[in-house]
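1. Structure here, sequence nowhere to be found:
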């Protein structure tokens, strides 16, 4: 859509990440559902934006050192269609939605969905977490998480749809580590570049060496369940109404509709006006 976009990140706390090891399909799906529901709900609230928004969400399960760190990146437009469908509602310059409000709703929604999944017998527990199969033990496990601050972060807006496409094209299909970060494989182990986000400046960038077995173990932590979709769309970007919604947004903004250069790709109607679908 021909508007500025924000980058919003929802992160699961370490306690949930620990049990996600054995329950990837269930917990990653709950992460998508709770994060999207929180964003759509707060955006629709007249006390905040009061509009229907669109979301493209991408799951990442790793940190820079390939540790297990489940979080979802969301690209959202800086505004939405008014609830009556008659106008485009712009967000405040440089500000999308209050992250504290988003965090609290995300926490409540996720924990409620997780408790339901446990009650339905959809979760498995092993090793140190084996006792969590019992209802009372799981309730005790969740109790402190209801008071903990959950991490939600909103980055400044992108400079239009072209920048969003450039970002997504190099970000959506990453794996836990790229070849460019690998430095050496020798007697010491596998050495690679990583970031320590607890530090700033040059101290943030460092190298790490792992035993080959540990390196492989960390890499394999991030293999997704078969058939799991790590890129999902919600709201105005949901597939069922995406083409009509984006056309409506262009009408509200008096923006020209894109001209299709190829037929049969299905991408033309949803693409920004400065983008053309490549011919097969």
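-> Nice, I can see it. Remember, it's a predicted structure, so these values are computed and weren't measured experimentally.

2. Quick one: residues contacting the residue nearest the centre of the chain.
-> Geometric centre of the chain, nearest residue: residue 72, 2.1 Å, by C-alpha atoms, centre = their mean. Contact analysis of residue 72 by C-beta atoms under 8 Å, 6 or more residues apart in numbering lists 9, 10, 31, 32, 35, 57, 58, 59, 60. No exception for glycine: its C-beta is placed from N, CA and C like everyone else's.

3. just wondering, since we're on the nearest residue to residue 148 once chain neighbours are set aside, how far is it from residue 45?
-> If the residues on either side of it in the chain are set aside, residue 148 comes closest to residue 13, at 6.0 Å by C-beta to C-beta, 6 or more residues apart in numbering. From residue 13 across to residue 45, the span is 25 Å (C-beta to C-beta, to the nearest Å).

4. What of residue 70?
-> Taking C-beta to C-beta as the measure, residue 70 and residue 45 are separated by 27 Å.

5. Kindly report the same for residue 101.
-> 9 Å.

6. For the helix or strand of the chain with the lowest mean pLDDT, name the packing helices and strands.
-> Using mean pLDDT, DSSP states H and E, the weakest-scoring helix or strand in the chain turns out to be helix 161-171, at a mean of 75. Applying 3 or more C-beta pairs under 8 Å, 6 or more residues apart in numbering; DSSP states H and E, one finds that helix 161-171 makes contact with strand 5-11, strand 54-62, strand 68-77.

7. Please state the offset of that helix from the chain centre?
-> Averaging C-alpha coordinates over helix 161-171 and over its chain gives two centres that are 15 Å apart (C-alpha atoms, centre = their mean, to the nearest Å).

8. okay, the angle between that helix and strand 68-77?
-> Angle of helix 161-171 versus strand 68-77, following axes from the mean of the first three to the mean of the last three C-alpha atoms, to 10 degrees, is 160 degrees.

9. Between strand 5-11 and helix 161-171, find me the angle.
-> Taking the same axes, to 10 degrees, one finds that helix 161-171 is oriented at 40 degrees with respect to strand 5-11.

10. Just want the angle from helix 161-171 to strand 54-62.
-> Using the same axes, to 10 degrees, helix 161-171 lies at 30 degrees relative to strand 54-62.

11. centre of the chain versus the helix or strand that helix 161-171 is followed by, how much separation?
-> Counting by DSSP states H and E, the element after helix 161-171 in chain order, helix or strand, is strand 182-186. Strand 182-186 has its average C-alpha position 31 Å from the chain's average C-alpha position, going by C-alpha atoms, centre = their mean.

12. Who are the packing partners of strand 182-186?
-> Applying 3+ C-beta pairs under 8 Å, 6+ apart, one finds that strand 182-186 contacts strand 189-195.

13. following the strand it packs on, which helix or strand shows up next?
-> Using DSSP H and E, the helix or strand that follows strand 189-195 in sequence is strand 205-210.

14. Quick check: buried residues in that next one?
-> By 16 or more other C-beta atoms under 10 Å, the buried positions in strand 205-210 come out as 208, 210.

15. what's the answer for stretch 175-183, then?
-> Neighbour counts using 16+ other C-beta under 10 Å place 176, 177 of stretch 175-183 among the buried residues.

16. for stretch 106-126, same thing?
-> Residues of stretch 106-126 classed as buried: 106, 107, 109, 110, 111, 113, 114, 117, 118, 123, 125 (neighbour count, 16+ other C-beta under 10 Å).

17. Now, the residues you listed that are in helices?
-> Secondary structure assignment (DSSP state H) places 106, 107, 109, 110, 111, 113, 114, 117, 118 from those within helices.

18. Verify the stated contact: the first one with residue 150.
-> Meaning residue 106. Yes: using C-beta atoms under 8 Å as the test, residue 106 is close enough to residue 150 to be in contact (5.9 Å).
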